[in-house]
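Visitor: okay, sequence plus prediction incoming.
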Amino acid sequence: MTAPADTRFVPRTGGSRQLAGTGALLRLALRRDRVMIPVWVAVVLMMVLSMPGSLKSVYSTAAERADLAQSMATNSSLRAMYGPVFSDSLGGLTAWRIGVYAGVLAAVMSLLIVVRHTRDEEESGRQEMVSSAMVGRRAPLTAALLAALVANAATALLIAGGLASQGSGGALAFGLATAGTGMVFATMAAIVAQLTESARLAKGLTSAVLGLAFVLRAAGDSGTWGSPQAFGSGGGSSVLTWLSPLGWLENTRAFAGERWWVLLLFVAAVAAQGVAAYELAGRRDIGMSFLPTRPGPAEGRLGTAGALAWRLQRGSVLGWSLGFLVAGIAFGGMTQGAADLVGDNEKTRDIIERMGGQSSVTDAFLATMVGMLGMVAALYIVSSVLRLSGEETSQRAEPVLAAAVGRLRWASGHLAIAFGGAALIMVIGGLGLGIGYGKSFGPVLGACLTQVAAIWVIGGLAVLLFGVFPRGAVAAWAVAGIALLIGWIGPAFDLPQPVMNLSPFGHLPKLPGGEMAWTPVLTLTAIAVVLVAAGLTGLRRRDLSN
């Protein structure tokens, strides 16, 4: 009697088996990101498509736009922030003003998508369960990269369609360069996700590379560039600029005699990094990494929940602090030339005064920069508060709470880092502004501290969502994004005050230069306290997520 044939599925190592299940995982990824991807694409699209109209309302004649382009060629600080101007057309100025930042947003969107569907899934244990079925070893990575490709392709098509009236060739080049930047950082995140054992560390390291790319481009662009009389053709780029994918984006020269060959740099980088990520993915087990993590602190002891929270979040606090110091110095250095940049353009003056208050152009510009730092700091506080959600969903909170640590003590440690860290980075940003400007340390520091009340309100909303509706805690990012978007485009479009008041930053006094008003600051602080209390009450009463 012969033994029955073994009918169990035995996975093969062939190429087709390596990608088995990719289609199903891609559909799952797009379903899970059915809100996140459209929101990210919409934010990028709104920022890009709002710019031509905004520029036309401020610089209505060709002569005014030519003067703006000429002034940018001699202002190293603004070149560092936005890059050089290659054309004084509305399309060319749009690519100059928003191109780098559209690329940054596409990069952040892409790295979040890839890490979420690779390392996040492994860290939560879901990937091990999925891989027990007929799923190839490289299928999860392929699905994650395809999801990022879908998001970036949609971004490119919508940008190309939305800017087609400014020139179809330039619009297509701008859209493809933006999407190319996103895919470069998608494949980079795919590599980092193989190297690290933590999704948070993977996001942090990839974001650090993105920050380095921005610094390289800024350093390259701030140097002598071409000549003021030949900004459209005689300008060149520094070697440092060419080392950054963001520099490739601006050197595509959308709406200024497009350099289509620059797009090949994006293709080459994506291909090389993709191959490296696939090679690494095939050489490790699920849940493992090439860079081992330490099982605990090498020295000292973590005796309290607050000490553990600081250990987990200190890298983030230090990174944000350094970034705010550098940004503050850069913004402060731009302040000296603010009046010269505005010149006699009343529309530009009106926009700056709407953002910074009815005061001198210099004070209004400083107030505008302080407001921008505050709105960016809102992203920090949301990230820090949602660390609680990450600890809970990854089940790392359960061993802590199983000991003699209550939920409120556990959460309070992280919230102290989140709310205290927000105040700290604003102080450091104010110091940077003072260093860059060279004076007005006291007024600038006071203005930065005033922003903390509005930042805390957004942090309080994040705590409320986490405590009461943990599955919807990610919506806190949308709250911070809306506040940033209102502050970004609201003054340029002269949005009505009720719309501006949707952001807590719209209620703050415009400092320095304006009059201090304590009532809105104290009111916002009280609202933040109530939101945090409500969120912690909800946390005490609900079950932990599994």
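Guide: Everything's here; your move.
Visitor: so residue 37 sits right up against residue 151, yeah?
Guide: Yes: using Cβ atoms under 8 Å, residue 37 is in contact with residue 151, at 4.7 Å. (Each C-beta comes from the backbone N, C-alpha and C, glycine too.)
Visitor: list the buried residues of stretch 152-168.
Guide: Residues of stretch 152-168 classed as buried: 152, 153, 154, 155, 156, 158, 159, 160, 162, 163, 166, 167 (neighbour count, 16 or more other Cβ atoms under 10 Å).
Visitor: Three-state assignment for the third one, please.
Guide: Under DSSP: H, G, I helix; E, B strand; the rest coil, the three-state class of residue 154 is helix.
Visitor: skip the chain neighbours and tell me the closest residue to it.
Guide: Using Cβ to Cβ, 6 or more residues apart in numbering and skipping the chain neighbours, the partner closest in space to residue 154 is residue 41 (5.3 Å).
Visitor: and the gap between residue 398 and residue 65?
Guide: 60 Å (Cβ to Cβ, to the nearest Å).
Visitor: export the buried residues of stretch 152-168 as CSV, with columns for pLDDT.
Guide: CSV is the format used below for the buried residues of stretch 152-168 (pLDDT from 0 to 100):
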residue, pLDDT
152, 96
153, 96
154, 96
155, 95
156, 96
158, 95
159, 95
160, 94
162, 92
163, 93
166, 91
167, 90
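Visitor: closest one of the residues you listed to residue 177?
Guide: Ranked by distance to residue 177 (Cβ to Cβ), those are led by residue 156 at 8.6 Å.
Visitor: got a list of what the closest one touches?
Guide: 175, 176, 178, 179 (Cβ atoms under 8 Å, 6 or more residues apart in numbering).
Visitor: could you dump those to JSON lines with distance to residue 436?
Guide: Shown next, in JSON lines, are the contacts of residue 156 (distance: Cβ to Cβ, whole Å):
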{"residue": "175", "distance to residue 436": "34"}
{"residue": "176", "distance to residue 436": "35"}
{"residue": "178", "distance to residue 436": "29"}
{"residue": "179", "distance to residue 436": "34"}
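Visitor: biggest separation within the residues you listed, which pair?
Guide: 176 and 178 (7.3 Å).
Visitor: the lowest-mean-pLDDT helix or strand in the chain: what's the following helix or strand?
Guide: The least trusted helix or strand in the chain, going by mean pLDDT, DSSP states H and E, turns out to be helix 346-356, with a mean of 54. Counting by DSSP states H and E, the next helix or strand C-terminal to helix 346-356 is helix 361-385.
Visitor: pLDDT on that next one, on average?
Guide: For helix 361-385, the mean pLDDT works out to 85.
Visitor: gap between the helix or strand following it and the chain center?
Guide: Next helix or strand after helix 361-385 toward the C-terminus (DSSP H and E): helix 387-393. Relative to its parent chain, helix 387-393 has a centroid offset of 20 Å by Cα atoms, centre = their mean, to the nearest Å.
Visitor: residues making contact with helix 387-393?
Guide: Helix 387-393 has contacts (Cβ under 8 Å, 6+ apart) with 124, 199-200, 312-313, 397, 411, 414-415, 418, 466, 470, 473-474, 544-545.
Visitor: switch the cut-off to 10 Å
Guide: 120, 123-124, 198-200, 308-309, 312-313, 316, 383, 396-398, 400-401, 410-411, 413-415, 417-418, 462-463, 465-467, 470-471, 473-474, 476, 535, 539, 544-546 (Cβ atoms under 10 Å, 6 or more residues apart in numbering).
Visitor: point out where the stretch 351-500 of the chain drops to low pLDDT.
Guide: Flagging of the stretch 351-500 of the chain using pLDDT under 70 yields the residue ranges 351-361, 489-495.
Visitor: let's see it at 90
Guide: For the stretch 351-500 of the chain, the stretches with pLDDT under 90 are 351-373, 375-376, 379, 383, 386-411, 413, 432-444, 446, 469-500.
Visitor: now do the helices in it.
Guide: 361-385, 387-393, 397-402, 407-437, 441-450, 452-468, 475-493, 497-500 (DSSP state H, counting those that start in this stretch).
Visitor: elements contacting the fifth one?
Guide: I take that to be helix 441-450. Packing contacts for helix 441-450, counted by 3 or more Cβ pairs under 10 Å, 6 or more residues apart in numbering; DSSP states H and E, involve helix 305-335, helix 361-385, helix 407-437, helix 518-541.
Visitor: in that helix, what's buried?
Guide: 443, 444, 445, 447, 448, 449, 450.
Visitor: and if you look at the last one?
Guide: Buried residues in helix 497-500, counted by 16+ other Cβ under 10 Å: residue 500.
Visitor: packing partners for it?
Guide: helix 475-493.
Visitor: and the helix it packs on, what does it pack onto?
Guide: Contacts defined by 3+ Cβ pairs under 10 Å, 6+ apart place helix 475-493 against helix 36-58, helix 90-116, helix 346-356, helix 361-385, helix 452-468, helix 497-500.
Visitor: from the chain's centre, how far out does it sit?
Guide: On Cα atoms, centre = their mean, the centre of helix 475-493 falls 13 Å from that of its chain.
Visitor: the inter-axis angle of that helix versus helix 361-385?
Guide: If you take axes from the mean of the first three to the mean of the last three Cα atoms, to 10 degrees, helix 475-493 sits at 170 degrees to helix 361-385.
Visitor: is it possible to get TSV of the buried residues of stretch 152-168 that adds distance to residue 270?
Guide: Converted to TSV, the buried residues of stretch 152-168 look like this (distance: Cβ to Cβ, whole Å):
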residue	distance to residue 270
152	10
153	13
154	17
155	15
156	14
158	20
159	18
160	19
162	24
163	23
166	27
167	26
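Visitor: can you tell me which residues contact residue 154?
Guide: By Cβ under 10 Å, 6+ apart, the contact list for residue 154 reads 37, 38, 40, 41, 44, 45, 179.
Visitor: now the two most distant members of those residues.
Guide: The distance between the two most remote of those (Cβ to Cβ) is 15.7 Å, for 38 and 179.
Visitor: between the two, which one's more packed in?
Guide: residue 179 (27 against 12; other Cβ atoms under 10 Å).
Visitor: wait, that one touches residue 105, no?
Guide: No: applying Cβ atoms under 10 Å as the test, residue 179 and residue 105 come out as separate, 11.6 Å apart.
Visitor: overlap of the contact sets of the two?
Guide: With Cβ under 10 Å, 6+ apart, residue 179 and residue 105 have common neighbours residue 155.
Visitor: these two touch, right, residue 325 and residue 424?
Guide: No: using Cβ under 10 Å, residue 325 is not in contact with residue 424, being 11.2 Å away.
Visitor: ok, back up a step: so what sits against both of residue 37 and residue 151?
Guide: What both residue 37 and residue 151 touch, as defined by Cβ under 10 Å, 6+ apart, is the set 30, 109, 112, 113.
Visitor: neighbour-wise, which of these leads?
Guide: residue 113 (29 neighbours).
Visitor: what sits against the residue nearest to that residue when sequence neighbours are not counted?
Guide: Spatial nearest neighbour of residue 113, excluding adjacent residues (Cβ to Cβ, 6+ apart): residue 148 at 4.7 Å. Listed by Cβ under 10 Å, 6+ apart, the contact set of residue 148 reads 29, 33, 37, 106, 109-114, 117, 179, 182-183, 185-187, 189-190.
Visitor: could I get the contacts of residue 156 as CSV with pLDDT and secondary structure?
Guide: Listed next are the contacts of residue 156 as CSV, based on pLDDT from 0 to 100; DSSP: H, G, I helix; E, B strand; the rest coil:
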residue, pLDDT, secondary structure
175, 95, helix
176, 96, helix
178, 96, helix
179, 96, helix
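Visitor: which one of the residues you listed has the most neighbours?
Guide: Counting by other Cβ under 10 Å, top hit in the contacts of residue 156: residue 178 with 29 neighbours.
Visitor: how near is that one to residue 113?
Guide: 15 Å.
Visitor: cool, residue 436 as well?
Guide: From residue 436 to residue 113 the distance is 35 Å (Cβ to Cβ).
Visitor: so what's the residue count around residue 192?
Guide: Neighbour tally, residue 192, other Cβ under 10 Å: 28.
Visitor: nothing else from me, thank you.
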